[in-house]
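J.: Next comes the sequence, and after it the predicted model I'd like to discuss.
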Amino acid sequence: MLRFILLITCLLSSFSASAFELKAEKVTDNIYALVGEIGPRNKENLALNNTLGFVITKKGVLLVGTGATEEAAALIEASIKKITDKPITQVVNIGSQDHHWMGNHYFEKKGIPVTALLRTSKTQKAHLEDHLKRLDKLGLKHLAKDKIQLADKLIDADSYRFSFGKTDFELRYLGDAHFPNDAILWLSQQKVLFAGDLVFNDRMLGVQPHSKTKPWFETFKKMTTLKPEFVIPGHGHAGTLAKAQKDTGDYLQWLVTEVSKAQEDWEELDKTVKRLSATTQFDHLKFHKTWNPLNINRTYLQFESE
Ligand SMILES: [Zn+2]
């Protein structure tokens with residue numbers, strides 16, 4: 001009996017160690033979201049607690065985002081291979097956070113070009129050391145700092161239209177979001193938006209020390225004017241614009257409005273955090289209990305320093 005229990009325990013633990021899967025979810029013809037963990041990052045999920053994506057074109061696959069490490073990049077490549085035989089032939093970076101770009105080296109060493117806006121690469125560089133420290137804390141293997149590569153084609157503009165494999169793309173900076181200088185990739189014909197960390201679906205977004213709530217909300221509003229039919233977020237499952245509005249836009253609006261009101265009424269920080277944390281409006285978002293008080297706190301301090 002003991003042996004049997006030990007065997008089951010072993011099987012279960014080996015199952016959980018290899019259970020992470022980066023799922024390719026079809027958004028529309030030839031366009032897929034690569035949905036990672038909705039929960040927190042860890043060693044097993046290779047810090048892929050985010051969403052990437054790809055477009056199958058006549059010239060091969062255009063990949064949006066490369067993961068945080070070489071191992072993550074290899075998993076991304078393998079996940080795409082399950083869907084198409086076409087090789088990855090172009091990569092685009094839209095995000096500044098590690099899991100959106102730090103796997104670039106894996107593709108660049110194969111001669112696959114990587115494109116980004118120059119402004120995005122500046123934020124990537126500025127946060128590189130912090131990102132590496134975070135990966136170290138999780139015990140994740142990564143390249144040395146000087147081996148990690150930015151995109152090899154940097155666009156010194158806020159908008160870059162290009163055609164790849166008979167598909168039209170527009171890489172754009174709409175304004176700061178989760179990180180300063182995050183960009184989006186827009187496919188106007190298919191009405192598909194790779195929104196990156198401008199949109200968090202299914203889980204509550206995180207206002208980090210470098211995120212600015214008001215500009216993030218302004219950028220979100222600008223994004224809605226594109227009227228995308230499909231939004232592939234930086235975290236969570238792809239969905240409609242209405243879903244992005246419900247999970248990100250409404251929450252940002254609520255934060256901006258409620259924290260501004262509290263400050264107009266001279267309510268103290270701890271009282272504001274306590275009162276507003278009691279809302280049930282965002283209970284459908286994972287981690288609202290942890291993130292909402294933090295987000296209220298950081299937004300309050302931002303507004304106070306304005
Ligand atoms: Zn992210």
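T.: Looks like it came in fine.
J.: Which residue ranges of the chain form helices?
T.: 2-17, 70-81, 104-108, 118-138, 213-224, 241-244, 250-264, 269-277, 288-304 (DSSP state H).
J.: Can you say which of the ones you listed is packed in most?
T.: helix 104-108 (a mean of 22; mean count of other C-beta atoms under 10 Å). Every residue, glycine included, has its C-beta placed from N, CA and C.
J.: Identify the residues contacting residue 199.
T.: 220, 223, 231, 233, 234, 235, 236, 244, 247, 248 (C-beta atoms under 8 Å, 6 or more residues apart in numbering).
J.: Got the confidence number for the residue lying closest to it once chain neighbours are set aside?
T.: Excluding the flanking residues, the one nearest residue 199 by C-beta to C-beta, 6 or more residues apart in numbering is residue 233, at 3.8 Å. Residue 233 carries a pLDDT value of 98.
J.: will you turn the helices of the chain into CSV that also has mean pLDDT and distance to the ion?
T.: Below are these laid out as CSV (pLDDT from 0 to 100; distance: least, C-beta to the ion, whole Å):
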stretch, mean pLDDT, distance to the ion
helix 2-17, 47, 24
helix 70-81, 96, 13
helix 104-108, 98, 16
helix 118-138, 96, 11
helix 213-224, 98, 13
helix 241-244, 98, 15
helix 250-264, 98, 16
helix 269-277, 98, 23
helix 288-304, 97, 13
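J.: could I get these as TSV with distance to residue 193?
T.: Formatted as TSV, the helices of the chain follow (distance: least, C-beta to C-beta, whole Å):
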stretch	distance to residue 193
helix 2-17	34
helix 70-81	20
helix 104-108	22
helix 118-138	16
helix 213-224	7
helix 241-244	8
helix 250-264	17
helix 269-277	30
helix 288-304	24
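J.: Centre-most residue in the protein?
T.: Centrality entry for the chain: nearest residue to the mean C-alpha point is residue 234, 2.6 Å, by C-alpha atoms, centre = their mean.
J.: quick one: it and residue 53 touch, right?
T.: No. Using C-beta atoms under 8 Å, residue 234 is not in contact with residue 53, being 10.1 Å away.
J.: which neighbours do the two share?
T.: Going by C-beta under 8 Å, 6+ apart, no residue sits against residue 234 while also sitting against residue 53.
J.: which non-adjacent residue is nearest the residue nearest to the centre of the chain?
T.: residue 197 (3.5 Å).
J.: residue contacts, that neighbour?
T.: Contacts of residue 197 by C-beta under 8 Å, 6+ apart are 50, 95, 96, 97, 100, 177, 178, 179, 182, 233, 234, 235.
J.: residue ranges of the strands in the stretch 101-250 of the chain, please?
T.: Listed in chain order, the strands of the stretch 101-250 of the chain (DSSP state E, counting those that start in this stretch) span 114-117, 153-155, 159-164, 167-172, 184-187, 192-200, 230-235.
J.: Ok, which of the ones you listed comes nearest residue 44?
T.: strand 230-235 (17.4 Å; C-beta to C-beta).
J.: isn't residue 255 right next to residue 298, touching?
T.: No. Counting by C-beta under 8 Å, residue 255 sits too far from residue 298 to count as a contact (9.5 Å).
J.: Could you name every residue contacting both of the two?
T.: 207, 213.
J.: re the thing from before, which of the strands of the stretch 101-250 of the chain sits most buried?
T.: strand 192-200 (a mean of 29).
J.: Taking helix 288-304 as reference, get the angle to that strand.
T.: Angle between the axes of strand 192-200 and helix 288-304 is 80 degrees (criterion: axes from the mean of the first three to the mean of the last three C-alpha atoms, to 10 degrees).
J.: From the chain's centroid, how far away is strand 192-200?
T.: 7 Å (C-alpha atoms, centre = their mean, to the nearest Å).
J.: how far off helix 118-138 does it point, in degrees?
T.: 50 degrees.
J.: Just the C-alphas of strand 192-200, formatted as PDB.
T.: Extracted C-alpha coordinates of strand 192-200, given in PDB (Å, rounded to 0.1, in the frame of the first residue of the first chain):
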ATOM      1  CA  VAL A 192      -7.300  42.200 -34.800                       C
ATOM      2  CA  LEU A 193      -5.400  44.000 -32.100                       C
ATOM      3  CA  PHE A 194      -2.400  42.600 -30.300                       C
ATOM      4  CA  ALA A 195      -2.800  44.900 -27.400                       C
ATOM      5  CA  GLY A 196       0.000  43.600 -25.200                       C
ATOM      6  CA  ASP A 197       0.000  44.800 -21.600                       C
ATOM      7  CA  LEU A 198      -2.400  47.600 -22.400                       C
ATOM      8  CA  VAL A 199      -5.100  45.000 -21.800                       C
ATOM      9  CA  PHE A 200      -5.400  42.400 -19.000                       C
END
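J.: Lovely, talk soon.
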